[in-house]
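*Asks:* coordinates for the following, if possible.
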Amino acid sequence: QLAVKINEFMAEFESRPFFPSPEKKVVAAGGLFPRRDAMELLNSLKFHKAVLESAGVGIITVDKDSRIIHANPAALELVGKTLVDVINSPITELFAESARSRLTECLERVKYAGQVSRVSFCRTFMSAVIGATVSAINLADKIVGWVVVLESGVHAGSDAPVM
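*Replies:* Modelled structure (predicted):
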């Protein structure tokens, strides 16, 4: 809303280069967050980011087109890549050829099967057994992407759906 109001103000200012009269209301404050609320929101976002960055498991956020939006340091360490290397690349590219079809199956399974909230599987990745758990991101009753959690040192027999 603020951006729209500023753009309207700038368009008016450019077409008539004089300041508006004191009676003219440029922006109504009702739709804006007070500074304290905005600071609390920013602090909350910083806290949540710190939690993801500090997690002892790899966490990869994937959009609805199966492209990587974000990967935390633990995930990047497990796959041996940098954030710049993985951002906007298909999630399947992080996995060996032999695991790509299983990953795709898991993405589809949690997206289209409402009774399964997450699916886990194990694969050998860079000569280590890595467990992967795929969960759908549900926002306002709409699947908008996935979270893929990677964990090293898991038992190789845990390739099963989790309800």
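
*Asks:* drop to CA atoms for contacts and neighbour counts, all remaining ones
*Replies:* Noted.

*Asks:* which residue ranges of the chain form strands?
*Replies:* All strands of the chain, identified by DSSP state E, fall at 58-63, 68-71, 118-125, 128-138, 143-152, 161-162.

*Asks:* the longest helix in the protein is where?
*Replies:* For the chain, the helix with the greatest residue count under DSSP state H is helix 35-54.

*Asks:* can you check what angle separates it from strand 58-63?
*Replies:* On the basis of axes from the mean of the first three to the mean of the last three C-alpha atoms, to 10 degrees, helix 35-54 is oriented at 120 degrees to strand 58-63.

*Asks:* one step back: any idea which of the strands of the chain scores lowest on pLDDT?
*Replies:* Least confident of these, judged by mean pLDDT, is strand 161-162 with a mean of 38.

*Asks:* rewinding a little: reformat the strands of the chain as CSV; add distance to residue 2 and mean neighbour count.
*Replies:* What follows is the strands of the chain, written out as CSV (distance: least, C-alpha to C-alpha, whole Å; neighbours: other C-alpha atoms under 10 Å):
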stretch, distance to residue 2, mean neighbour count
strand 58-63, 27, 22
strand 68-71, 26, 22
strand 118-125, 39, 20
strand 128-138, 28, 21
strand 143-152, 26, 20
strand 161-162, 44, 14
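
*Asks:* can you put the ones you listed in CSV and add distance to residue 1?
*Replies:* CSV is the format used below for those (distance: least, C-alpha to C-alpha, whole Å):
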stretch, distance to residue 1
strand 58-63, 26
strand 68-71, 26
strand 118-125, 37
strand 128-138, 26
strand 143-152, 24
strand 161-162, 42
